[in-house]
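S.K.: For reference, the sequence and a predicted model appear below.
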Amino acid sequence: SKKTLKLNHQWRGVVTVHKIKSASHLSKILILRPHNTAPSDTENNTFVRNHLVSTLHALKWHVKEDSYTNMMPYGKKRFTNIIATKDTNAPR
């Protein structure tokens, strides 16, 4: 039987947002963030970033991460941009 996730259903310690197949990519990235927090620099945000990076690596993309810290209404938060390039030798 195929497993599906429903709104606010706990799966692997995170809360999913939509009814989707548990094995789908959406189940790994549609995650509710903790109340009254900026979405960056949270455990769920790190989980999603790691999933995206590992998926891109598995698809043979060249991946770089550009991290920085910025002041937000909730204090200093760390941000990470994911830069993925399929063909690093392609003309720019």
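M.R.: Arrived safely, thanks for sending. Because the structure is a prediction, the values reported are computed rather than measured.

S.K.: residue ranges with poor pLDDT in the protein?
M.R.: Counting by pLDDT under 70, the ranges of the chain that qualify are 1-23, 27, 30-39.

S.K.: any idea where the helices of it begin and end?
M.R.: Using DSSP state H, the helices found in the chain span residues 25-29, 43-58.

S.K.: Quick check, residue 77 in contact with residue 70.
M.R.: Yes - using C-beta atoms under 8 Å, residue 77 is in contact with residue 70, at 6.3 Å. All C-beta spots, glycine's among them, are computed from the backbone N, C-alpha and C.

S.K.: The two - which one has more neighbours?
M.R.: Taking other C-beta atoms under 10 Å, residue 77 and residue 70 do not tie; residue 77 has more neighbours (18 against 11).

S.K.: How about the contacts made by the spatially closest residue to the more buried one that is not a sequence neighbour?
M.R.: Excluding the flanking residues, the one nearest residue 77 by C-beta to C-beta, 6 or more residues apart in numbering is residue 41, at 4.2 Å. The contact partners of residue 41, taken as C-beta atoms under 8 Å, 6 or more residues apart in numbering, are 77-79.

S.K.: Residue 90 too?
M.R.: If you count contacts by C-beta under 8 Å, 6+ apart, residue 90 has none.

S.K.: Let me see the backbone angles for it.
M.R.: With angles defined as degrees, to the nearest 10, residue 90 sits at phi -70, psi 140.

S.K.: on that earlier part again, just say which of the helices of the chain is most tucked in.
M.R.: Of all the helices of the chain, helix 25-29 has the most neighbours on average by mean count of other C-beta atoms under 10 Å, namely a mean of 17.
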